[in-house]
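Trainee: The following block contains a protein sequence and its predicted model.
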Amino acid sequence: MRILVFFDLPTETLEDKREYRKFHKLLIQNGFLMMQESVYCRMLLTQGAGRTVLDVLRKNRPPRGIVQVMTVTEKQFQGMEYITGEHRSEVIETDERLIIL
């Protein structure tokens, strides 16, 4: 499974910018990778892990702006179509537990 986080946070004041950086840092510390600006993704091995991540996001939500979260299966995620650009990643994208390089 994958959890996708979409957010649009204001950056008008110094406090807004501080909250933006704090939320961005939280995502990175919790294993999210940026797919594109303000869209982050993380792989989940179990639904329980997804609930835990959701709890962390709820507890640390920014006071302003909008944050949306969506959970999709690996099959749905792999069905994503790239209209413009190409998929580039240095991350091994598999849910297999043993990876031989």
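Mentor: That came through fine.

Trainee: does Phe23 sit in a helix, a strand or a coil?
Mentor: Recorded secondary structure, Phe23: helix (DSSP: H, G, I helix; E, B strand; the rest coil).

Trainee: low pLDDT regions in the chain?
Mentor: For the chain, residues meeting the criterion pLDDT under 70 lie at 87-101.

Trainee: where do the helices sit along it?
Mentor: 14-29, 47-59, 74-78 (DSSP state H).

Trainee: Buried residues in stretch 54-61, which are they?
Mentor: By neighbour count on 16 or more other C-beta atoms under 10 Å, the buried set for stretch 54-61 is Leu57. Just so you know, the C-beta spots here come from the backbone N, C-alpha and C atoms, and that holds for glycine as well.

Trainee: Export only the CA atoms of that stretch, formatted as PDB.
Mentor: C-alpha atoms of stretch 54-61 as PDB (Å, rounded to 0.1, in the frame of the first residue of the first chain):
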ATOM      1  CA  LEU A  54      -2.400   9.000   9.900                       C
ATOM      2  CA  ASP A  55      -2.400   9.600  13.600                       C
ATOM      3  CA  VAL A  56       1.000  11.300  13.500                       C
ATOM      4  CA  LEU A  57      -0.200  13.600  10.600                       C
ATOM      5  CA  ARG A  58      -3.400  14.500  12.500                       C
ATOM      6  CA  LYS A  59      -1.500  15.300  15.700                       C
ATOM      7  CA  ASN A  60       0.900  17.600  13.800                       C
ATOM      8  CA  ARG A  61      -1.400  19.200  11.300                       C
END
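
Trainee: Distance to Ser38 for the helices of the chain - can I get that in TSV?
Mentor: Formatted as TSV, those follow (distance: least, C-beta to C-beta, whole Å):
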stretch	distance to Ser38
helix 14-29	9
helix 47-59	14
helix 74-78	18
